[in-house]
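okay, structure incoming, though there's no sequence with it:
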């Protein structure tokens, strides 16, 4: 008799279960961030030129002012210490760099060692065109991870590891505000971008 009373209840429960909407499928955080990254990358992929002003610091120097202008493959940069001391200007392309100091001008296809020897720091000129705006350099193997907003958090490429610490909004686009660049032989540079200017899209 008790068994007969249970049959309608079991049938009702089965009917409710059958009509209930399916449980939502949770999106994995990695997949969600990858989708955000693809959207963010599309928003900055056509940046062809930019100008940034900021500060460099390493373990051996307190701070140096940096003004960097990128126009396609070509760049020009000026760095100086407090009150303009030790000013150096660099320009050219990654494979042909002109360096001007108070002592004269040299041209080189390998500016890194000269910068490290004479300035106490160096920047990866070829990669910085892309890394400065938060993109991997095309055509070179890389490994990277994303932050919670789907932007680069860390990038390892070309012998350098770049930690993207902060981003800032520039006309509706998130661009790096602080990044740490670490290379071989204990190379370590912290770049703080104080101001982005002339961010140009399309062919320079």
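Looks like it came in fine. All values reported here derive from a predicted model rather than from experimental measurement.

now residue 37: closest residue in space, sequence neighbours ignored.
Nearest in space to residue 37, with sequence neighbours left out and distances taken as CB to CB, 6 or more residues apart in numbering, is residue 150 at 4.4 Å. Just so you know, the C-beta spots here come from the backbone N, C-alpha and C atoms, and that holds for glycine as well.

how many other residues sit next to the one you found?
A count of nearby residues for residue 150, using other CB atoms under 10 Å, gives 18.

that one reaches residue 31, doesn't it?
No. Under the criterion of CB atoms under 8 Å, residue 150 makes no contact with residue 31, lying 10.6 Å away.

overlap in contacts of those two?
Residues touching both residue 150 and residue 31 (CB atoms under 8 Å, 6 or more residues apart in numbering): there are none.

quick one on the thing from earlier: wasn't the residue nearest to residue 37 part of a helix?
No. Assessed by DSSP: H, G, I helix; E, B strand; the rest coil, residue 150 does not belong to a helix; its assignment is coil.

next up, the contacts around it.
Listed by CB under 8 Å, 6+ apart, the contact set of residue 150 reads 32-37, 39-40.

the helix or strand encompassing residue 128: what's the following helix or strand?
Secondary structure assigned from DSSP states H and E places residue 128 in helix 125-131. Downstream of helix 125-131, the next assigned helix or strand under DSSP H and E is strand 142-146.
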